[in-house]
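>>> just to be clear, the model below is a prediction. Sequence and coordinates:
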Amino acid sequence: MSTIFTKIVNGEIPSYKIGENEKCYAFLDINPVAKGHTLVIPKVEVDYIFDLNDDTFAELMLFARKVAKSIEKTVPCNRIGVAVLGLEVPHAHIHLVPIQSEADLSFSRPKLKLPPNEMETIAQKIRKNFLS
Ligand code: AMP
């Protein structure tokens, strides 16, 4: 059975898409810890990020950097925090979170509840910077 993230890549379930290339895909986290919180995944279905082959791992990191730069241009922040947890969804992913301070990268705080239209607006703005 496919992971929920493979279903997103295949368009079987919706996502607030930021962008993709041949090997990777980026979309907003549905339960963001901050506005612009984005997930970057390899299209290949591998659970643990450090089990990816060298090429895919390198490609994912380069793709994550491009996405991070797009978020940075869109959401006011000090920088983009990077986290890997993988405790919930068994499909490798990197969390990219716009942060002002250390506390903003806390996954144990209550998540933001943003209405769908706001999520779509944020995704559109980041997507525009990703494509430019
Ligand atoms: P973790 O595996 O611990 O890194 O957590 C998985 C992350 O995926 C959480 O932050 C969830 O909010 C996020 N997530 C789960 N399902 C979806 C989905 N359908 N669309 C976007 N983000 C999701």
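Received it, and whenever you're ready, just let me know what you need. None of these values were measured; they are calculated from a predicted model. Residues are numbered from 1 along each chain as shown.
>>> which of the residues in the helix ranked longest in the chain are buried?
Secondary structure of the chain read by DSSP state H shows that its longest helix is helix 54-74. Going by neighbour count (16 or more other C-beta atoms under 10 Å), the buried part of helix 54-74 is 56-57, 59-60, 63-64, 66-68, 70-72, 74. In short, each C-beta sits where N, CA and C put it, glycine included.
>>> could you look up the next helix or strand downstream of it?
strand 79-83 (DSSP states H and E).
>>> give me the mean pLDDT for whatever helix or strand comes next after that following strand.
Elements were assigned by DSSP H and E; along the chain past strand 79-83, the next helix or strand is strand 94-99. For strand 94-99, mean pLDDT rounds to 98.
>>> chain center to strand 94-99: distance?
Computed by C-alpha atoms, centre = their mean, to the nearest Å, the chain-centroid distance of strand 94-99 equals 7 Å.
>>> residues making contact with it?
Strand 94-99 has contacts (C-beta atoms under 8 Å, 6 or more residues apart in numbering) with 29, 32-41, 49, 60, 64, 67-68, 71-72, 75-85, 104-105.
>>> now swap in stretch 108-121 and tell me
16, 28, 31, 32, 33, 34, 35, 103, 122.
>>> what's the farthest-apart pair in those?
The two members of those with the most space between them (C-beta to C-beta) are 16 and 103, at 24.5 Å.
>>> these two: which is more packed in?
Per other C-beta atoms under 10 Å, whichever of residue 16 and residue 103 has more neighbours is residue 16, with 22 against 8.
>>> ok, now which ones touch the more buried one?
Contact partners of residue 16, counting by C-beta under 8 Å, 6+ apart, are 27, 28, 30, 119, 120, 122, 123.
>>> which SS class is the first one?
What it means is residue 27. On the three-state scheme (DSSP: H, G, I helix; E, B strand; the rest coil), residue 27 is labelled strand.
>>> please renumber the chain so that the first residue is 849 from this point on.
Sure thing, new numbering starts at 849, so read that last one as residue 875.
>>> helix or strand for the residue nearest in space to the middle of the chain, which one?
By C-alpha atoms, centre = their mean, the chain has its centre lying nearest to residue 887, at 1.4 Å. In the assignment (DSSP H and E), residue 887 maps to strand 886-890.
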